[in-house]
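**Student:** How does the following fold in three dimensions:
(chains A and B)
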2 protein chains.
Amino acid sequence: VAEGWRIGVDWGTTRFRAYLIAPSGSIAAKKETDQGILAVSAGGFPAVLQSAVAEWRAAHPDAAVIAAGMVGSRQGWREVPYLSCPAGLADIAGALVGIEADGLGMVRLVPGLTAKDADGIPDVMRGEETQIVGAMAGLGPGSHVVVLPGTHSKWAVLEDERIVSFATYMTGELFSLLRSHSILGRLMRDTRDDEAAFRRGLDTAARPARNLLHHLFGVRTLGLFDEMPPPSLESYLSGLLIGTEIAAAIGAVGSDPPRSVLVIGGDALSTRYVQALAAHGIPAERLGEEVAALGLARIASRAGA
Amino acid sequence: VAEGWRIGVDWGTTRFRAYLIAPSGSIAAKKETDQGILAVSAGGFPAVLQSAVAEWRAAHPDAAVIAAGMVGSRQGWREVPYLSCPAGLADIAGALVGIEADGLGMVRLVPGLTAKDADGIPDVMRGEETQIVGAMAGLGPGSHVVVLPGTHSKWAVLEDERIVSFATYMTGELFSLLRSHSILGRLMRDTRDDEAAFRRGLDTAARPARNLLHHLFGVRTLGLFDEMPPPSLESYLSGLLIGTEIAAAIGAVGSDPPRSVLVIGGDALSTRYVQALAAHGIPAERLGEEVAALGLARIASRAGA
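**Tutor:** Numbers count the residues shown, from 1 in each chain, chains lettered A, B, ... in the order given. Sure, this is the predicted structure:
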C-alpha cells in the first residue's frame, strides 16, 4: 500500500468538501463550501479545485488528488462510467479515471456504482461508495448493512468488504417537496423538533393496513382537528417518511431484518434514523460523513497514488 | 319527496360547477368556471353565486339553492361541521346549514364527512359525499366500494346506502409535486401518453419487496440508462402512484379485495383507474363528476327543499 499525503474531495450536487489527508489516513485539514457541481459552470471545475486546495498543494506538492461524487456524473467535470455491483475496494481503485489538470497534475475521479433491483430496475450511487469504502476499514469482513440518509437515502448490503447490492429511497427529497410545496407544508408554523410527534409518525408508518399516500393526508387532518399542534407536524411528517423507508428497507435487505445497521451521515438526521431503527429493535452504530476522507485515501492508496 | 326545480352547486377549491336541475333530477343546464373558493375573497360568495345563477333564478324563482364542497369549509362561505360516518342520505339532509343570502333566498350548504382510520387518525371529505349520494341512487342497497380519483383520492365503503368508512390518498397532489418540483420532473420532455409505460409502473407498484420511496427513484434511473424514453416517464410515474394507491386501498377495504369498484371522475383519470383495477382482476363501473347534480337534488329533496 502506497504511503503519502493526499488531497481528497467529496464533490456533490450542492456541497464541495475537501480534505488534506495525512499518510496515516487522518484528516490534517478540511474545507467545505457550497460550490457543489450545480454551482460550477462547464469547464470551471479545474479552477474551482485549484483555488480551493492551492495552499495544501504548496505544502505537499506531491500529494495525489482524488475526487468522488457527482463531479464524475454527466453534469460534472467528466462522466465516469458506473461500476456494476458486486464491487469492493480493488474494483473501485481499478476503475479510476485520471484527468491531467493544469497546476494540479493528475486528478483521479472515483466511479459511482450501479446495481439492479429485484424488479430489474437500475439503481445508482455516486459518492456514497467512497464513504462505504471508508467505513469498511472498521467493519471488516462478513455481512453488514449500511444506510446513508439524505435527499436520496442509500441502503447498501456488504459481504466480505464488497458492496453486493443497494437501493435508493427518495425520502429526503419527498420531505422537502411536501414541506415546501404541498398543502401539508402550509399547515406547519413555528416548527420545533418534537420527538413524541416523530415517534407517532414512526408508529403510523409501521402499520401495514394502508400506506404512505394515505398516511400523508393524516398530517393535514391531525392539524385540522387540533389533534397535533402546527409546530409538531413537521416532526410527524419526518417520522412518517423515515419510518416508511425503514420498514421497506429492512424488509428488502434479506429474508430477516438486519441484526444491526451502520448509519453514515450528519448528526440530526442520523439521530432520527437511529431512533427509528431502535423502534424496530435494530441497534445502530454511527459514523460522520467525513469517513469519505478515509475512503478516498484507501482508494488512492490501493491505486498506488 | 318534494318535487321542484333546483339549483345545485359543486363548489370546490379550484372549480365552480352549477347545475339547473329539473324536477325529474336531470340536468337542464350547467355552468363551470374557475371561481373555486381560492379565487373568491371573504364575503364574496353571495355575489359570485348570484351572478352565476341569475338567469336560472329568473326562470325558476322558487328553485331551491343547495351547495356542496369546500364552500362549506373554514376557507369557504361558512364552515359547516363535519358529519361522522356512518352517514347516509337522511343524515346528510338533516345536517344542512342554511344561509339567507340577498337575492338568493335560503342557500343550503351540505356538510362534509369525517371518519377515523384504523390508526385513530381522522379523515375528511367535502363534496365527494354528494357525488356518492348521487351514485347511490343507481347502486342500491348492499356493499359497494367507490373511488373518486384526484388530487386527494377518496375510497369509500358503502353498506346499505350509508357511507360507513373512507380513506384519502394524496396520489394526485404527489404526482403534481414530483412532476413540477422534483429531480424526476426535470427528466420529462415531450411527454406523451404511453400505456405500456403506465402498465410497467403498475407492475412495479404491485411488487411487495420495496415501496414507493424506492420505486420513485427508478423513474430517474430508467431515464438515466435510456431504458425508458423521456416522453414516457410521466406515464410510468402515473402508473407507480396509482398502482401504489390501489394496492393499499384494496388491501385496506376489507379482508378480501372488493368484487367490483365504482369509479367517479373525469374521463382520462378514470380510464387509468379502470385499467389499474383490471390489473388486479377487479371490474369497475364509471360515472362522471356530474353525478354531483343528482346527489344535490336528492339531498335537497330529502330535506324538503
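**Student:** which residues of the stretch 151-300 of chain A score low on pLDDT?
**Tutor:** Scanning the stretch 151-300 of chain A with the threshold set as pLDDT under 70 gives A:208-210, A:254.
**Student:** how about the residues of it near chain B?
**Tutor:** A:152, A:167-171, A:173-174, A:177-178, A:180-183, A:203-204, A:207, A:209-218, A:221-222, A:224-225, A:227, A:241, A:244-245, A:247-249, A:251-252 (CB under 8 Å from any CB of the partner chain). Where C-beta positions appear, they are placed from N, C-alpha and C, glycine not excepted.
**Student:** mind redoing it with 7 Å?
**Tutor:** Those residues of the stretch 151-300 of chain A that sit near chain B, judged by CB under 7 Å from any CB of the partner chain, are A:152, A:167-171, A:173-174, A:177, A:181-183, A:204, A:207, A:209-214, A:216-218, A:221-222, A:224-225, A:227, A:244-245, A:248, A:252.
**Student:** from the residues you listed, which ones fall inside helices?
**Tutor:** Taking DSSP state H, the ones among these that sit in helices are A:171, A:173-174, A:177, A:181, A:204, A:212-214, A:216-218, A:221-222, A:224, A:244-245, A:248, A:252.
**Student:** picking that back up, ok, of the residues of the stretch 151-300 of chain A next to chain B, which come out buried?
**Tutor:** Among these, those scoring as buried are A:152, A:167-171, A:173-174, A:177, A:181-183, A:204, A:210-214, A:216-218, A:221-222, A:224, A:244-245, A:248, A:252 (criterion: 16 or more other CB atoms under 10 Å in any protein chain shown).
**Student:** Let me know the average pLDDT across stretch A:55-74.
**Tutor:** If you average the pLDDT over stretch A:55-74, you get 96.
**Student:** Mind listing what's buried along it?
**Tutor:** Across stretch A:55-74, burial judged by 16+ other CB under 10 Å covers A:56-57, A:60, A:63-73.
**Student:** For the residues you listed, which two are the farthest from each other?
**Tutor:** Farthest pair in the buried residues of stretch A:55-74 (CB to CB) is A:60 and A:73. Separation: 28.1 Å.
**Student:** confidence score at the residue nearest the centre of chain A?
**Tutor:** Centroid-nearest residue in chain A, with CA atoms, centre = their mean: residue A:148, separated by 4.2 Å. pLDDT for residue A:148: 98.
**Student:** Contacts only, for it.
**Tutor:** Contacts for residue A:148 (CB atoms under 7 Å, 6 or more residues apart in numbering or on different chains) come out as A:128, A:131, A:154, A:264-265.
**Student:** Please state the backbone phi and psi of it?
**Tutor:** Residue A:148 has phi and psi values of phi -120, psi 90 when expressed as degrees, to the nearest 10.
**Student:** beta partners of it?
**Tutor:** According to DSSP bridges, the residues that bridge with residue A:148 are residue A:154.
**Student:** Give the closest residue to the residue in chain A sticking out farthest from the centre in space, chain neighbours not counted.
**Tutor:** Computed with CA atoms, centre = their mean, the residue of chain A farthest from its C-alpha average is residue A:225, at 37.2 Å. Nearest non-adjacent residue to residue A:225, counting by CB to CB, 6 or more residues apart in numbering or on different chains: residue B:122, 5.0 Å away.
**Student:** Need the pLDDT of that neighbour.
**Tutor:** Here the pLDDT value assigned to residue B:122 is 94.
**Student:** before we move on, what about residue A:12?
**Tutor:** You'll see residue A:12 listed with a pLDDT of 95.
**Student:** Residue A:34 is in contact with that one, correct?
**Tutor:** No. Judged on CB atoms under 7 Å, residue A:12 makes no contact with residue A:34 at a distance of 10.5 Å.
**Student:** Same drill for these two, tell me which one is more crowded.
**Tutor:** Using other CB atoms under 10 Å in any protein chain shown as the criterion, residue A:12 and residue A:34 rank with residue A:12 on top: 24 against 9.
**Student:** Nearest spatial neighbour of that one, chain-adjacent residues omitted?
**Tutor:** Using CB to CB, 6+ apart, the closest residue to residue A:12 is residue A:69 (4.6 Å).
**Student:** what does residue A:14 give?
**Tutor:** With CB to CB, 6+ apart, the residue lying closest to residue A:14 is residue A:36, at 3.8 Å.
**Student:** Residue numbers of the stretch 1-150 of chain A in contact with chain B?
**Tutor:** A:117-119, A:121-124.
**Student:** So which of those sit within strands?
**Tutor:** Taking DSSP state E as the definition of strands, the residues of the stretch 1-150 of chain A next to chain B contribute A:122-124.
**Student:** May I ask which of those residues has the most neighbours?
**Tutor:** Counting by other CB under 10 Å, residue A:123 has the largest number of neighbours within these, with 22 neighbours.
**Student:** shouldn't that one be in contact with residue B:221?
**Tutor:** Yes. Judged on CB under 7 Å, residue A:123 makes contact with residue B:221 at a distance of 5.9 Å.
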